[in-house]
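K.L.:
No sequence on hand, only this structure:
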């Protein structure tokens, strides 16, 4: 053991954690809010069990912007009690991915010489996380695979989808199985993730892992009820259903007086979305676009009803349960969700589950909602989140299963 090494038990999460500053500094085109939030929250859960918690992030992508510096230096930041180490990154598109293998391995090895790393958590199954996982395996460090997404390659994709999509699915499926083989514990967000490869491993279902300590008191500044759809604004996540709902109520004076409608998130076809929203001039509607975490928290604080509208017949319906729903419930909001993943198993008094994926069903629920019912169901949701998804509760489950 190296002299001066800190013997306190430590954990390290490996994944592409990003914040606004590193994204702008390195010219990264796409943010990773869902993944970053998940890594921070899981790190806090393990930290609650007496571990020093770190995140090692490549903070990189194949489409990183070219920079005259050529190499972005490593950076260390502290994010609400978690130490984040951003590995050096090569500022040359596509070649950056090859460099990432070495930079991530170098940072991880360096940390193992300085800290008593007992747990290495891998976020999904990116190539660089697999490399680090192999190193951790050799060092006999306990490995956790946080399997947030399942890749389901299909032969039909090669005939109906772009070749790059099909290739990504095939490579992703291969890497996913390697990460499962490496791991001592597989964490899955839904029992619907179970398939033969996982059933033969040590797995743990953790549907939610949320900070439940915040103030969730609802504030009705006026009589209107604020409804929010946020996240990835595409067909799979329900933007089309939301627009259909607004189309029906846009000339309904009763709805116009009772509700504010907000949209917040990332759209890959923003100009088209803005054009679609222009027809709702009779509604109190605000489109925020993609915003920072602090801006989103401010928007969420003023929200009363949150929508989680993932398509229950979409490609990922059985493989993904959007974490936004758990975040909203922990914030004491009244949540309307589609019957996907583990949402259908939630108590009836903690959220509204759509019986059918239709604008009429959403309108029916909104028509019955008032201030009192929002406060009641939001309070039930908050209590359920406290009992099931708090950091200490989740941390105990992970450590007890792992050791």
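P.N.:
Good, I have the coordinates. Every value quoted in this text rests on a predicted model; they were computed, and no experiment measured them. Numbering: from 1, shown residues only.

K.L.:
Could you tell me the average pLDDT over the helix or strand harbouring residue 377, please?
P.N.:
If you go by DSSP states H and E, residue 377 is part of helix 371-388. Here the mean pLDDT over helix 371-388 is 91, rounded to a whole number.

K.L.:
Now do the buried residues in it.
P.N.:
When burial is assessed from 16 or more other CB atoms under 10 Å, helix 371-388 yields the following buried residues: 374-375, 377-385, 388. Yep, even glycine has a C-beta here, placed from its N, CA and C like the rest.

K.L.:
likewise stretch 289-305?
P.N.:
Applying a neighbour-count criterion of 16+ other CB under 10 Å, the buried positions in stretch 289-305 are 290-291, 296, 299-300, 303-305.

K.L.:
Could you work out the end-to-end span of that stretch for me?
P.N.:
Start and end residues of stretch 289-305 are separated by 19 Å (CA to CA, to the nearest Å).

K.L.:
That one: how far from the chain's middle?
P.N.:
Mean-position distance between stretch 289-305 and its chain equals 15 Å (CA atoms, centre = their mean, to the nearest Å).

K.L.:
With stretch 188-206 instead?
P.N.:
Between the mean C-alpha point of stretch 188-206 and the mean C-alpha point of its chain there is a distance of 18 Å (CA atoms, centre = their mean).

K.L.:
How about stretch 362-369?
P.N.:
27 Å.

K.L.:
Can you give me the buried ones in that stretch?
P.N.:
Within stretch 362-369, the residues that qualify as buried by neighbour count (16+ other CB under 10 Å) are 362, 365-366, 369.

K.L.:
So among the residues you listed, where is pLDDT lowest?
P.N.:
For the buried residues of stretch 362-369, the model is least confident at residue 369; its pLDDT is 91.

K.L.:
coming back round to it: now for the helix holding residue 377, which elements pack on it?
P.N.:
Applying 3 or more CB pairs under 8 Å, 6 or more residues apart in numbering; DSSP states H and E, we find helix 371-388 packed against helix 324-330, strand 334-337.

K.L.:
which one of the ones you listed has the most crowded surroundings?
P.N.:
Stretch with highest mean neighbour count among the helices and strands packed on helix 371-388: helix 324-330 (a mean of 26; mean count of other CB atoms under 10 Å).

K.L.:
ok, back up a step: adding secondary structure, write the buried residues of stretch 362-369 out as JSON lines.
P.N.:
JSON lines is the format used below for the buried residues of stretch 362-369 (DSSP: H, G, I helix; E, B strand; the rest coil):
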{"residue": "362", "secondary structure": "helix"}
{"residue": "365", "secondary structure": "helix"}
{"residue": "366", "secondary structure": "helix"}
{"residue": "369", "secondary structure": "coil"}
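
K.L.:
Output the residues you listed as a markdown table; include the columns distance to residue 58.
P.N.:
Output for the buried residues of stretch 362-369, formatted as a markdown table (distance: CB to CB, whole Å):
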| residue | distance to residue 58 |
| --- | --- |
| 362 | 40 |
| 365 | 42 |
| 366 | 43 |
| 369 | 44 |
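
K.L.:
what's the offset of whichever strand or helix holds residue 38 from the middle of its chain?
P.N.:
When secondary structure is defined by DSSP H and E, residue 38 falls within helix 33-47. On the basis of CA atoms, centre = their mean, the separation between the geometric centre of helix 33-47 and that of its chain is 9 Å.

K.L.:
Backbone torsions only: list them for residue 143.
P.N.:
The phi/psi pair for residue 143 (degrees, to the nearest 10) reads phi -120, psi 130.

K.L.:
Residue 237 now?
P.N.:
Summarising the backbone geometry of residue 237 under the convention degrees, to the nearest 10, its torsions are phi -100, psi 10.

K.L.:
cool, residue 340 as well?
P.N.:
phi -120, psi 160.

K.L.:
surely it meets residue 325?
P.N.:
No - the pair formed by residue 340 and residue 325 falls short of the contact definition of CB atoms under 8 Å, at 9.5 Å.

K.L.:
can you give me the strands in the stretch 101-250 of the chain?
P.N.:
Applying DSSP state E, counting those that start in this stretch to the stretch 101-250 of the chain gives strands spanning 115-123, 142-146, 185-188, 203-205, 225-232.

K.L.:
Give the burial count for residue 100, as a bare number.
P.N.:
Residues lying near residue 100 (other CB atoms under 10 Å) number 25.

K.L.:
now, which of the buried residues of stretch 362-369 sits nearest residue 282?
P.N.:
residue 366 (16.2 Å; CB to CB).

K.L.:
Which residues are in contact with residue 71?
P.N.:
When contacts are counted by CB atoms under 8 Å, 6 or more residues apart in numbering, residue 71 touches 88-91, 99.
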